[in-house]
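1. Sharing a model that was predicted from the sequence below.
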Amino acid sequence: MKQLPETMFPLVIRTDFSSQSRWNRICAEISKPVGEDGFLADVVFLDDESYKDITKQQLLELVPKGYPHTFVMLVDQITISEAESPLLIVDLYTEPGREFRAGPSEIQGIQNNLSIANMDFCDFADNVDNDGVFRGFK
């Protein structure tokens, strides 16, 4: 595996290649504007089989020094197989390896707020439901 590419926007990395149609649907949902203001997710979709089945530990080892983003999002086996398609969001900065899951329709708000440091990773991770999935603030 190669180091994570340095991109202008945070990565959504495909690690499960079992369903092209599910990947396409997840990407489309993340790309849709949400909310009254039509927030968009500024992300880069990484569809590269060299990241197939990557573990969180392997991922953390691939983060280059000075990486410009504080988190990464994975479309893994759980994302592809579960009806809600919850992506795995992994902290790369404050508590490297800390994680939570979020549905594709939550990615816009997560990415927008984390990328401009309007909110911290823990603001989302500490507000997940009992199953570990962030579904918005109550």
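-> Great, that's in hand.

2. all contacts plus neighbour counts: C-alpha atoms, from now on.
-> Noted.

3. which residue sits farthest out from the middle of this protein?
-> Glu36 (22.5 Å; Cα atoms, centre = their mean).

4. Phe45 bridge partners, please.
-> Val12 (DSSP bridges).

5. Would you confirm that it contacts Ile13?
-> Yes. Contact between Phe45 and Ile13 holds when scored by Cα atoms under 8 Å: they sit 6.2 Å apart.

6. Who has more neighbours out of those two?
-> Ile13 (23 against 17; other Cα atoms under 10 Å).

7. The more buried one: what's it in contact with?
-> 45-48, 51, 72-75 (Cα atoms under 8 Å, 6 or more residues apart in numbering).

8. can you give me the strands for the chain?
-> 11-14, 44-46, 71-75, 87-91, 99-102, 133-134 (DSSP state E).

9. Could you export these as TSV, including distance to Asn113 and mean pLDDT?
-> Shown next, in TSV, are the strands of the chain (distance: least, Cα to Cα, whole Å; pLDDT from 0 to 100):
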stretch	distance to Asn113	mean pLDDT
strand 11-14	15	98
strand 44-46	16	97
strand 71-75	12	98
strand 87-91	14	98
strand 99-102	14	98
strand 133-134	14	97
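
10. wait, what's in contact with the residue sitting nearest the centre point of the chain?
-> The residue lying closest to the centre of the chain (Cα atoms, centre = their mean) is Met73, at 1.9 Å. By Cα under 8 Å, 6+ apart, the contact list for Met73 reads 10-13, 87-90.

11. Now for Leu88, how many residues are close by?
-> Leu88 has 23 nearby residues by other Cα under 10 Å.

12. Show me the beta-bridge partners of it.
-> Leu74, Arg101.

13. Surely it touches Ile80?
-> No. Leu88 lies out of contact with Ile80 (Cα under 8 Å); the separation is 11.1 Å.
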